[in-house]
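*Asks:* would you be able to build a 3D model of this:
(one chain, ligands or ions: 1)
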Amino acid sequence: MMENYAVIGHPIGHSKSPLIHNSHFETLGRNAIYTSYDVPPEHLGAAVEAFQTLGVKGFNVTVPHKVEIIPFLDFVDEEALDIGAVNTVVNREGKWHGYNTDGKGYLNGLIEMTGDALKQMRVLVIGAGGASRAVATVLARHGVEQLAITNRTTARADELKANLARYIDVDVLDKSSARRMLPSFDLIINTTSLGMNGEDTLPMETEDMKTNVYLSDLIYNPLETRWLQIGKPKAKAIQNGLSMFIEQAALAYEIWTEKHADRAFMSRMIREEME
Ligand code: ATR
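*Replies:* Now for the predicted structure:
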């Protein structure tokens, strides 16, 4: 019997998830289909119930439902609870189990770039929204030498610090302290939306960054933000958001099917699509 998978969001039009999952199913010869549904917030519960009725095997959850989905689930993974958001749900014998593959997906991609050195790094995270929560939480759980967060709205960074207190003592930095301390960071991560549009200001100045800094930007459209472009000559390595996108999809597939995903295929496919 054909397996059904889905993604729910509002709006949903821009999602590349159907493309990556359907072509991946096809290449592996899996009899499965992945469909996107635009679900407004007031219909979230009804949608989850409908998925159960229809025997949907698993689904992804995107903006604005990643937090609100939690009360509709039967079990939620510890890391997803720490992040406070679920992006992957699997149906196991009629029960919904929720995970967050954005966090682990980001970490896997990051370790590809930095290797084991990550644990010894001083890390600055720019931004304190939903994406930052996933990134900061996995870094705090993994362990790093220092975790600093700076955000336009400092109160949101303070909230994140409080949430992570049992793992690490986060340094919340205002803009001027972040600038002053910039030369001390080994890894700087942009989780804000700054860079999606060509005319955006830079998320952080680049002049004072140390030579051989690692730069990571969660944005993958454009593939290279102006910030990555400008920082690149000084950087040891740069990374855009594509590896996180590919890894979160691969991990979701593995949760749903308990089989290995073909990451090389996913990567090739999405890179071709983005060019
Ligand atoms: P996401 O889920 O992508 O993280 P979000 O939760 O809306 O989206 O968070 C957006 C992040 O980008 C926030 O850190 C936001 O800063 P505020 O918390 O101060 O809103 C940041 N951001 C967005 N536009 C920005 C801008 N023009 N300047 C500085 N930061 C910006």
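*Asks:* what's the end-to-end length of stretch 233-245?
*Replies:* Terminal residues of stretch 233-245 are spaced 25 Å apart (Cα to Cα, to the nearest Å).
*Asks:* who in the stretch 1-150 of the chain is up against the ligand?
*Replies:* Gly127, Ala128, Gly129, Gly130, Ala131, Ser132 (Cβ under 6 Å from any ligand atom). C-beta: built from backbone N, CA, C; applies to glycine.
*Asks:* same thing but at 5 Å, please
*Replies:* With Cβ under 5 Å from any ligand atom as the criterion, the stretch 1-150 of the chain meets the ligand at residues Gly127, Ala128, Gly129, Gly130, Ala131.
*Asks:* okay, now the first one: neighbour count?
*Replies:* With neighbours defined by other Cβ atoms under 10 Å, the count for Gly127 comes to 26.
*Asks:* show the contacting residues for it.
*Replies:* Each residue near Gly127 by Cβ atoms under 8 Å, 6 or more residues apart in numbering is listed here: Ile149, Asn151, Asn190, Thr191, Thr192, Pro203.
*Asks:* my guess is the fifth one meets Val125, correct?
*Replies:* This means Thr192. No - under the criterion of Cβ atoms under 8 Å, Thr192 makes no contact with Val125, lying 9.8 Å away.
*Asks:* intersection of neighbour lists for those two?
*Replies:* The contact sets of Thr192 and Val125 overlap at Ser132 (Cβ under 8 Å, 6+ apart).
*Asks:* what sits against the closest residue to the ligand within the stretch 101-250 of the chain?
*Replies:* Among the residues of the stretch 101-250 of the chain, Gly129 lies closest to the ligand, at 1.9 Å counting by Cβ to the nearest ligand atom. Gly129 makes contact with Arg156, Thr191, Thr192, according to Cβ under 8 Å, 6+ apart.
*Asks:* circling back to that earlier point, just the closest of the residues of the stretch 1-150 of the chain next to the ligand to Ala46, please.
*Replies:* Gly130 (23.4 Å; Cβ to Cβ).
*Asks:* tally of neighbours for that closest one?
*Replies:* 18.
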